[in-house]
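>>> quick check, what structure comes out for this input:
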Amino acid sequence: MDSTLLHHHNHISALAPFLFSASLLLTAASSFAINYGQIANNLPHPESVIPLVKSIGATSLKLYDADPRVLKAFANTGVEFIVGIGNEYLANMVDPKQAQAWVKTNVQCYLPATKITSIAVGNEVLTFNDSTLSYNLLPAMENIHSALVSLNLDKQVMVTTAHNLGILEVSYPPSAGAFRRDLTQKLSCILDFHCKVGSPFLINAYPFFAYKANPKEIKLDFVLFEGSGIVDTGSGLHYDNMFHAQIDAAHSAMEKLGYKNVCLQISETGWPSKGDGDEAGASPENARKYNGNLLKLISEKKGTPKRPNMDLNVYVFALFNENQKPGPTSERNFGLFKPDGTPVYNLGFNVTGLGSMNSPPSSSSGGNSGGNTPISLPAGGPPYLSITADDAERLPIGGALFVLCLIVSTILALQF
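The predicted model follows:
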């Protein structure tokens with residue numbers, strides 16, 4: 001998912017805790033990270049969310065802003081946070097003084113009680129194809145990092161930014177992965193920044209949208225981690241799921257620019273439990289399979305075929321369904337939980353629900369909560385492995401048909 005703006009909360013009066021039991025228990029030993037988007041008017045107060053987060057074993061949360069209510073509520077809980085700076089604020093961050101003021105107001109004042117470990121500067125900026133926004137990204141990242149250095153916080157708080165896989169020009173086979181030529185210079189500079197400061201390169205990977213774009217040609221079991229898979233003819237590596245193939249395509253692209261040692265991590269991935277009539281695959285059962293198998297993969301601490309020992313530090317999208325997100329129905333149904341804290345489908349969590357909370361809600365400031373940025377693909381755009389979020393439905397018709405042709409040709413290639 002990518003960036004669309006707005007955050008809202010609605011009053012949740014006393015909500016009694018509940019217990020949801022199932023056969024598979026995911027304990028703190030198999031902890032994971034999750035995105036906490038808030039484009040909704042019916043979400044519980046952050047203090048009510050703490051028992052839910054704890055009970056599912058989530059040890060890290062990613063925000064799309066620096067919501068003070070959340071950061072205050074989670075003080076002294078041990079939960080780690082990635083906070084975000086919305087795309088609309090990047091121009092301000094080009095000014096070093098404003099960057100330092102932002103860090104003081106949104107990060108320093110919550111430390112050390114709230115464990116803020118990273119700042120995501122913008123979200124999927126490069127695929128907006130907005131030259132001014134793209135130009136401001138790296139200077140904003142550098143200024144935020146400089147502010148952290150000046151405040152002696154750079155050793156505990158990293159600076160990064162998330163990209164969707166629309167930054168790839170080639171993604172099949174994974175060993176041939178390459179960045180878009182028009183983005184190569186910008187990405188080289190960003191990767192150089194990561195190399196210097198030791199922060200991870202973040203990508204958002206959504207096999208769901210590849211399947212949605214062409215369900216007749218892409219095998220559902222391949223995207224749900226249940227297929228026999230494919231063999232990369234370039235590397236000889238076997239891929240039994242699209243998620244790993246997408247990630248290794250990005251790994252290959254990074255290596256081609258000389259950044260093999262920069263850590264790549266997954267800032268978003270998920271599957272919707274509901275969609276419109278033309279959104280193939282969006283169902284509770286498929287969401288349960290995708291996220292359930294994903295969580296098993298996370299608990300096994302497995303890397304990819306190309307990087308088997310690498311910790312991908314995957315952030316699942318998302319904690320709650322968000323009823324005010326624009327776009328197709330799927331956009332409002334990526335949550336593992338309903339706003340009342342009940343599971344959308346059975347993932348086997350032993351869940352303690354929302355704590356009782358009578359505090360009045362307050363609207364959260366705008367930020368980049370999981371939504372999806374429009375992408376304009378260059379001629380010769382990426383094959384199916386790099387279609388992410390709702391890129392497919394936001395492409396011009398001609399572009400979408402072109403991608404469809406690439407999908408067909410790729411699937412045919414897989415059969416031989």
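>>> assign the residue nearest in space to the middle of the chain to helix, strand or coil.
Nearest to the mean C-alpha position of the chain, counting by C-alpha atoms, centre = their mean, stands E268 at 1.6 Å. What DSSP: H, G, I helix; E, B strand; the rest coil gives for E268 is strand.
>>> was I right to think it contacts Y206?
Yes - in terms of C-beta atoms under 8 Å, E268 counts as a neighbour of Y206; the distance is 7.4 Å. Where C-beta positions appear, they are placed from N, C-alpha and C, glycine not excepted.
>>> which SS state does the closest residue to N321 other than its chain neighbours fall under?
In this structure, N321 finds its nearest non-sequential neighbour in G335, 3.6 Å apart by C-beta to C-beta, 6 or more residues apart in numbering. Three-state call for G335 (three-state DSSP): coil.
>>> one step back: could you measure from the residue nearest to the centre of the chain over to E124?
9 Å (C-beta to C-beta, to the nearest Å).
>>> next: D311.
Distance from D311 to E124, by C-beta to C-beta: 23 Å.
>>> ok, these two, which is more surrounded?
Neighbours per residue, other C-beta atoms under 10 Å: of D311 and E124, the larger number sits with E124, 30 against 12.
>>> pretty sure the more buried one is touching N164, no?
Yes - under the criterion of C-beta under 8 Å, E124 makes contact with N164 at 4.9 Å.
>>> okay, now the unreliable bits of the stretch 251-400 of the chain?
Filtered on pLDDT under 70, the stretch 251-400 of the chain yields the residue ranges 352-353, 355-400.
>>> all helices for it, in order.
With DSSP state H, counting those that start in this stretch as the criterion, the stretch 251-400 of the chain has helices at 284-299, 391-394, 397-414.
>>> hang on, G198 packs against Q156?
No - here G198 lies out of contact with Q156, judged by C-beta under 8 Å, at a distance of 12.0 Å.
>>> higher neighbour count, the two?
Each of G198 and Q156 has its neighbours counted (other C-beta under 10 Å); Q156 has more, 14 against 11.
>>> tell me the contacts of the more buried one?
Applying C-beta atoms under 8 Å, 6 or more residues apart in numbering, we find Q156 in contact with 111, 117.
>>> where does it land on pLDDT?
We have a pLDDT of 97 for Q156.
>>> find the nearest non-adjacent residue to the residue nearest to the centre of the chain, please.
Counting by C-beta to C-beta, 6+ apart, the residue nearest E268 is N204, at 3.8 Å.
>>> residues near that neighbour, how many?
For N204, using other C-beta under 10 Å, the count is 28.
>>> now swap in Y206 and tell me
The number of residues near Y206, taken as other C-beta under 10 Å, comes to 30.
>>> what does P308 give?
Residues near P308, counting by other C-beta under 10 Å: 9.
>>> next: the one 4 residues further on.
Residues within reach of L312, counting by other C-beta under 10 Å, total 23.
>>> what about it, distance to K302?
Separation of L312 from K302 (C-beta to C-beta): 8 Å.
>>> now the top strand by length along the chain, how far from the centre of its chain.
For the chain, the longest strand by residue count, based on DSSP state E, is strand 115-123. When distances are taken as C-alpha atoms, centre = their mean, to the nearest Å, strand 115-123 is centred 12 Å away from the chain's centroid.
>>> contacts for that strand?
For strand 115-123, using C-beta under 8 Å, 6+ apart, the contacting residues are 2-3, 60, 62, 64, 71, 78-87, 90, 93, 103, 107, 110, 133, 137, 140-141, 144, 148, 156-162, 199, 202, 267, 368, 373.
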